[in-house]
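Trainee: Sequence and computational prediction follow.
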Amino acid sequence: MPKLTIDGIAVEVPANTTILQAAEQVGVEIPRFCYHDRLSIAGNCRMCLVDVEKSPKPVASCAMPVGEGMVVHTKSDRANKARGGVMEFLLINHPLDCPICDQGGECDLQDQAMAYGFDRGRYHENKRAVKDKYMGPVVETVMTRCIHCTRCVRFATEVAGVPQLGATGRGEDMEITTYLEGALSSELSGNVVDLCPVGALTSKPYAFNARPWELRKTESIDVMDAVGTNVRLDARGRQVLRVLPRVNEDVNEEWLADKSRHAVDGLRYQRLDQPFVRKNGKLAPASWDEAFAVITAKIKNLDGKKFAAIAGDTADVEAMLALKDLMTACGSSNLDCRQDGASLDPNARASYIFNSTIAGIEQADAILIVGSNPRKEAPVLNARIRKRYLKGGVKIAVIGDAAQLTYKYEHIGTTADVLAKIADGSHPFAATLKAAKNPMIILGMAALTRPDGAATLATAKNAADACGLVKDGWNGFNVLHTAAARVGGLDIGFVPGSGGKDVRGILDGAGKGEIEAVYLLGADEIDTAKLGKAFVIYQGHHGDRGAHRADVVLPGAAYTEKDGTYVNTEGRVQQALRAVFPPGDAREDWTIIRALSEKLGRTLPYDNLAQVRARMAFVNPLFKGVNKAEKAEWKGFGAPGSVAAVAFDYPVKNYYMTDPISRASRTMAQCTEEFVLAGSKQKSGTHG
């Protein structure tokens, strides 16, 4: 490994490390605009110039590999003078609109200009002006500010896999643009705003709303999908104004999906801020005491077998545990957290988590995707698959629709029976999985929500065993969920007990009159028409489908308004923190259930959050650790049976509207109109 000296500090680094990377290892910061450690090296801004002894001129440190015995000076007069010259050139055409620029306070160009800029300009020519480009409902452009760092171009091409951005023209006429003057049709397009070092690309929904120093910053977890993306919630007053990604190498690196980023405005609309009780066929405002009195009168003496509960896709573990304890106290075992009816086996944790972990995708050399469209169901995880694809040496196959994914794959069938052929070794791709060092199956919800879902799950396990997916130090059997609450619900056992009914049984029982009362904990994705004449209690934060059917509505808190625990698709326990308080009379979900239990004469044995979490850890020791993806025991699961030769019904029809928050979002409505309803979505990505 080469040894070199940087600002008098000796360091030894691997071969092919650049000077800039070596400097970071010893804590020496070198300014840059175009360089980003997750993108390819462009070397076109020249802000990272350093002084290397025996070199006739300053060297671009981002593009220069280290050499044995190299002596580098990052703060010499020559280096500083070179950077000052680069800064002067950058500011020749950059407009003086910092007071009205949304990037103000977070702008790399501002920061570097303070260090390397002059106190006056020496150029008297007119500044150039560039026409703003349309990039869709979430990205605002002011292209006169662009310094041609090409970060956005490289991100769109390399990470998002949607090569719709590029440069046209040369020299002073060069412009960054979408080639066909259309919207940037990627589910990750909002990340170009984070990458832009100036104010050329900013968030359109957030434009002119706030300055960064006005905002309270809270570290939390995203619940728009099951990836568990680490986010930062920026709030002012009682309103969350924006959501930004946090770095977590094991989960999302530093990327964030568009729905997770921009559906936040849905928290302002159609909110439930007080209890409601149905009177004369219409929901009328009520007090908490009145709402509890109506519920108590209905279910206090109700036979537990006639009472049921369903948990929604964004419920936190604390609320689900409290509701489970309440249902148990009422003598009911009719409860389920699988709104879509997925045939997941709660007794075998390995059957319902992403066993190889999200980061483990980078070790896979053969990937079989069954009944899943990762690009729509988990865009950040899909970006990790593309990252693995770009490294080479991986074969990807898909059973299901020939979707436009962001990497090439072999489409080996549209029906689930192809999986059975792989399990018995009669399909050619079985040999590919057997020959791979780290083979992987990604099983989607479309494969498990079918009537033969349990048989499909068992067949997938047989394929995993037959093709050697599970071996020492590697488990390539993965389930990709679409709901943030699903794994947490299964971990605490929010599933039917002995003799209890699952979601299908609850809906059928309600239609037949066997189930007389149903508690919906944010459950909006079920067919409420099947609830028949049952008495429905809905607890949630939006006036969505469940609230429309309810007889009593209890206003709960959204994920930004409570301290809650969520478990992502890989089984990683993570905690969200409250950024703002719930509106009006709304309360945190577990506290509502705790208060109701007292009215019912079945008081739950906890009074604060610490006690609830102690109870969670008692029910399942996994909740003692946070931010850990614990390995699960590999054992039998699923049910024997034949797999029908029919196509999959994918759960995500419209990526931009999948839950009450995104359905209430005006930004997501604009995205739906642009990319879904208008049918104008540009084709992107490729498949083999």
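Mentor: Perfect, thanks for sending it. Please read all numbers here as calculations on a predicted model, not as lab measurements. Numbers count the residues shown, from 1 in each chain.
Trainee: the helices in the stretch 351-500 of the chain, which residues?
Mentor: Under the criterion DSSP state H, counting those that start in this stretch, the stretch 351-500 of the chain carries helices at the ranges 374-377, 379-391, 417-423, 428-435, 445-448, 453-466, 486-491.
Trainee: elements contacting the second one?
Mentor: Spelled out, it's helix 379-391. When contacts are defined as 3 or more C-beta pairs under 8 Å, 6 or more residues apart in numbering; DSSP states H and E, helix 379-391 sits against helix 374-377. Quick note: C-beta positions are derived from backbone N, CA and C, even for glycine.
Trainee: let's see it at 10 Å
Mentor: Judged by 3 or more C-beta pairs under 10 Å, 6 or more residues apart in numbering; DSSP states H and E, the packing partners of helix 379-391 are helix 258-262, strand 366-370, helix 374-377, strand 395-399, strand 439-444, strand 477-480.
Trainee: Which neighbouring elements make contact with the first one?
Mentor: Pointing back at helix 258-262 there. Contacts defined by 3+ C-beta pairs under 10 Å, 6+ apart place helix 258-262 against helix 191-195, strand 239-245, helix 379-391, helix 660-664, helix 666-672.
Trainee: got any ranges where the stretch 501-650 of the chain has weak pLDDT?
Mentor: By pLDDT under 70, the stretch 501-650 of the chain contains no weakly predicted segment.
Trainee: Please repeat the previous calculation with a cut-off of 90.
Mentor: For the stretch 501-650 of the chain, the stretches with pLDDT under 90 are 513, 532, 625, 628-630, 635-647.
Trainee: hey, where'd the helices end up in it?
Mentor: Remark: helices assigned in the stretch 501-650 of the chain by DSSP H, counting those that start in this stretch are 503-512, 545-549, 589-599, 609-619.
Trainee: Dump these to a markdown table, plus mean neighbour count and distance to T74.
Mentor: Below are the helices of the stretch 501-650 of the chain laid out as a markdown table (neighbours: other C-beta atoms under 10 Å; distance: least, C-beta to C-beta, whole Å):
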| stretch | mean neighbour count | distance to T74 |
| --- | --- | --- |
| helix 503-512 | 19 | 61 |
| helix 545-549 | 21 | 59 |
| helix 589-599 | 21 | 52 |
| helix 609-619 | 16 | 48 |
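Trainee: To R268, which of those lies closest?
Mentor: helix 545-549 (16.7 Å; C-beta to C-beta).
Trainee: residues making contact with that closest one?
Mentor: 270, 272, 276, 278, 283, 310, 312, 518, 520-529, 531, 534, 536-541, 553-555, 660, 663 (C-beta atoms under 10 Å, 6 or more residues apart in numbering).
Trainee: returning to that earlier point: put together TSV for the helices of the stretch 501-650 of the chain, with distance to V192 on each row.
Mentor: Compiled in TSV, these are given as follows (distance: least, C-beta to C-beta, whole Å):
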stretch	distance to V192
helix 503-512	40
helix 545-549	34
helix 589-599	36
helix 609-619	38
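Trainee: Among the ones you listed, which comes closest to E68?
Mentor: helix 609-619 (53.7 Å).
Trainee: Now do the closest one and helix 589-599, the angle between them.
Mentor: 90 degrees (axes from the mean of the first three to the mean of the last three C-alpha atoms, to 10 degrees).
Trainee: okay, the closest residue to S642 other than its chain neighbours: pLDDT?
Mentor: Excluding its sequence neighbours, the residue lying closest to S642 (C-beta to C-beta, 6 or more residues apart in numbering) is A455, at 6.3 Å. pLDDT for A455: 92.
Trainee: From A460, how far out is G584?
Mentor: Distance, G584 to A460, using C-beta to C-beta, to the nearest Å: 46 Å.
Trainee: okay, these two: which has more neighbours?
Mentor: A460 (30 against 12; other C-beta atoms under 10 Å).
Trainee: Just confirm the more buried one contacts N355, I think it does.
Mentor: No. With contacts counted by C-beta atoms under 10 Å, A460 stays clear of N355, the gap being 12.0 Å.
Trainee: what do the two both touch?
Mentor: Common neighbours of A460 and N355, counting by C-beta under 10 Å, 6+ apart, are 441, 469, 477-479.
Trainee: Name the member of these with the most neighbours.
Mentor: Busiest of these [other C-beta under 10 Å] is N478, holding 30 neighbours.
Trainee: if I look at it, how far off is D7?
Mentor: 46 Å.
Trainee: for V86, same thing?
Mentor: Applying C-beta to C-beta, the value for V86 to D7 is 20 Å.
Trainee: cool, and A291?
Mentor: The value you get for A291 to D7, if C-beta to C-beta is used, is 67 Å.
Trainee: Please identify which of the two sits among more neighbours.
Mentor: The neighbour comparison of A291 against D7 (other C-beta under 10 Å) goes to A291, with 23 against 15.
Trainee: so which strand or helix has that one?
Mentor: Using DSSP states H and E, A291 sits within helix 288-299.
Trainee: Quick check: what element follows that helix along the chain?
Mentor: Sequence-wise, the next helix or strand downstream of helix 288-299 (DSSP H and E) is strand 307-311.
Trainee: Farthest pair within the shared contacts of A460 and N355?
Mentor: L469 and V479, at 12.8 Å, using C-beta to C-beta across these.
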